[in-house]
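Asks: A predicted structure for the sequence below; I have some questions about it.
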Amino acid sequence: MSNLNKTTISMIINNENYDDLTVETRQHLGDFLRDLGFKGTHLGCEQGACGACNVLVDGETVRSCLMLAVQANGKKITTVEGLNSSEMEIVKDCFVKNNAMQCGFCSSGMLMTTYEIIKSKRKHSREEIREMISGNYCRCTGYQAIVDAVEDSLNKINVGM
Amino acid sequence: MKSPAFSYYQAKDLADAINIKKSDDDSIILAGGQSLLPALNMRLSSPSVLIDIGSINELKKIKVEGSYLIMGAMCSHSQIMNNKEVNEKLPILNKLLAQVAHPAIRNKGTHGGSIAYGDPAAELPAFAVLVNAEIILSGPNGERTVSAKEFYKGLFETAINSDEILTSVKYPINQNGMKLFFDEVTRRHGDYAMAGLVGSIKQNNKINEEINLVFFGTGDRPNEAPKTCEYLLKNEYNYSDIKDILKNDIDFASDVSSSSDMKAHLSAILVGRMMKELN
């Protein structure tokens, strides 16, 4: 067993290969991604409460502060910079049109969670949208505009119709 | 908010993980990491090695065997919520897991991790105690089973020995006609409960024959309340009596969310909700 506190990992980030990168085993995925230049992943609390650092790992949302970079070895990561599908373009548009952001700190995490909502392929009531985004803190908007934006996105993408 | 240094070892299989665990007392098993990583980030824990059991596929299975539903330790909460058999055999688990944190955390957080960590405010340990699940531990000398009622010893203290790994949890499917209840009071959806209750009632001709209550977020471990159950078999629900008796059953411990009296109050309210729902 290796006692080294460093290791070498590879992963696919936003469809590009990143091979043989040396990381400290203690480094979480959020810091690792930011060090690589993916600054859209925001670090708020680093204890899993705020949701700003959400990214997709193999298509599922996870808190990047609660996953080690070494755990993501060999996996497919999508950061907010990689949310470029036509559906996510509609979502981003809806966020802008509904003023669903003010300082923007929570927005990347909110978009990740919205991805998870859209992925479920079913209609959500406003109450359900609130429950889904309850794991993402926003300190500016009071959430109302964000719920509007998610609802608008679901309608425009015709989810569950 | 940065973790201290540690080594990382990805276990190939269960035997490999047990071997490493045995060789180093300061090693810690990394399951989903959704409690361990915050603890590391806050430097509340400083292991020598993290043994990652995340790639051991045999621990990710959900099986029905005889009258038991068996959850592999590394099944994520999301995996369990989306499992057809779980939703047919033990639908209350879905309702309960929907209150465990948030989707991004449920995608990583594991069943075995939650049971083994034994957070007194967590839902799953209380549920395991309610139905007296069997907890399977593997160590250098093989496997042993501990009943959930014997498993929780104190604050974050369980019956797991330092060279053992929790590998699966067996839930009895047939609850002998028991009706199950779950509810909790939280400040924000998905947060740890200020107080929570899982309970069961067995009735014969609409007469309550057996009542079980297990509270979470109330003390140093999942708290049973035998005196309150006994009272409820003989008397109608009454808020102030129940609150008083609960205080005899449970040593309510205050935390950042609420005082011990507040927890007793909320617990009594939850018992009222249960009696209304199941009767």
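Replies: Thanks, I have the structure now. Residues are numbered from 1 along each chain as shown, chains lettered A, B, ... in the order given.

Asks: Might you report the residue contacts of the closest residue to B:Ala225 other than its chain neighbours?
Replies: Closest residue in space to B:Ala225, ignoring its immediate chain neighbours: B:Asp249 at 3.9 Å, by C-beta to C-beta, 6 or more residues apart in numbering or on different chains. For glycine as for every other residue, the C-beta is placed from the backbone atoms N, C-alpha and C. By C-beta atoms under 8 Å, 6 or more residues apart in numbering or on different chains, the contact list for B:Asp249 reads B:223-228.

Asks: Mark which of the residues you listed are buried, thanks.
Replies: B:223-225, B:228 (16 or more other C-beta atoms under 10 Å in any protein chain shown).

Asks: and which of the residues you listed is nearest A:Asp152?
Replies: The closest of those to A:Asp152 turns out to be B:Asn223 (C-beta to C-beta; 45.2 Å).

Asks: wait, what's in contact with that closest one?
Replies: B:Asn223 neighbours (C-beta under 8 Å, 6+ apart): B:214-216, B:249-250.

Asks: what does B:Val214 give?
Replies: Counted by C-beta under 8 Å, 6+ apart, B:Val214 has contacts B:126-127, B:129-130, B:197-199, B:222-225.

Asks: That one belongs to a helix, doesn't it?
Replies: No. B:Val214 is assigned strand when assessed by DSSP: H, G, I helix; E, B strand; the rest coil, not a helix.

Asks: so A:Asp20, which of the three states?
Replies: A:Asp20 - assigned by three-state DSSP - is strand.

Asks: B:Glu65 bridge partners, please.
Replies: B:Tyr68 (DSSP bridges).

Asks: Around chain A, which positions in the stretch 1-150 of chain B sit nearby?
Replies: Counting by C-beta under 8 Å from any C-beta of the partner chain, the residues of the stretch 1-150 of chain B close to chain A are B:1-10, B:20, B:30, B:33-34, B:37-38, B:40-42, B:49-50, B:52, B:54, B:78, B:101-105, B:107-108.

Asks: The residue in chain B that chain A sits nearest to: how many residues sit nearby?
Replies: The minimum distance from chain B to chain A, using C-beta to the nearest C-beta, falls at B:His102 (2.5 Å). Using other C-beta atoms under 10 Å in any protein chain shown, the number of residues around B:His102 comes to 26.

Asks: Assess the claim that it and A:Ser134 are in contact.
Replies: Yes. Between B:His102 and A:Ser134 there is a contact at 6.2 Å, judged by C-beta atoms under 8 Å.

Asks: overlap in contacts of the two?
Replies: By the contact definition C-beta under 8 Å, 6+ apart, B:His102 and A:Ser134 are jointly contacted by B:Gly190.

Asks: related to what we said a few turns ago, in a markdown table: the contacts of B:Asn223, plus pLDDT.
Replies: Conversion of the contacts of B:Asn223 to a markdown table gives the following (pLDDT from 0 to 100):
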| residue | pLDDT |
| --- | --- |
| B:Val214 | 98 |
| B:Phe215 | 98 |
| B:Phe216 | 98 |
| B:Asp249 | 98 |
| B:Ile250 | 98 |
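
Asks: Against A:Gly135, how distant is A:Glu116?
Replies: Applying C-beta to C-beta, to the nearest Å, the value for A:Glu116 to A:Gly135 is 10 Å.

Asks: So which of the two has more stuff around it?
Replies: The neighbour count for A:Glu116 versus A:Gly135, taken as other C-beta under 10 Å, is higher for A:Gly135 (26 against 20).

Asks: Identify the residue nearest the more buried one in space, chain neighbours excluded?
Replies: A:Gly135 sits nearest to B:His102 (C-beta to C-beta, 6+ apart), 2.5 Å away.

Asks: which residues does the one you found contact?
Replies: A:51, A:134-136, B:190.

Asks: try it again with 7 Å
Replies: By C-beta atoms under 7 Å, 6 or more residues apart in numbering or on different chains, the contact list for B:His102 reads A:51, A:134-135, B:190.

Asks: related to what we said a few turns ago, mind picking the two most distant members of the contacts of B:Val214?
Replies: So for the contacts of B:Val214, where distance means C-beta to C-beta, the most widely separated pair is B:Phe127 and B:Ala225, at 15.1 Å.

Asks: Counting neighbours, what do you get for the closest residue to A:Ala49 other than its chain neighbours?
Replies: Excluding its sequence neighbours, the residue lying closest to A:Ala49 (C-beta to C-beta, 6+ apart) is A:Tyr137, at 7.1 Å. Other residues near A:Tyr137 number 18, with proximity taken as other C-beta under 10 Å.

Asks: Next one, pLDDT for A:Tyr137 please.
Replies: What the model reports as pLDDT for A:Tyr137 is 96.

Asks: quick one: contacts for it?
Replies: Contacts of A:Tyr137 by C-beta under 7 Å, 6+ apart are A:44, A:50-51, A:106.

Asks: coming back round to it: which residues are common contacts for A:Glu116 and A:Gly135?
Replies: B:Pro103.

Asks: Let's have the contacts of B:Val214 in a markdown table, adding secondary structure.
Replies: Shown next, in a markdown table, are the contacts of B:Val214 (three-state DSSP):
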| residue | secondary structure |
| --- | --- |
| B:Ala126 | helix |
| B:Phe127 | helix |
| B:Val129 | helix |
| B:Leu130 | helix |
| B:Leu197 | strand |
| B:Val198 | strand |
| B:Gly199 | strand |
| B:Pro222 | coil |
| B:Asn223 | strand |
| B:Glu224 | strand |
| B:Ala225 | coil |
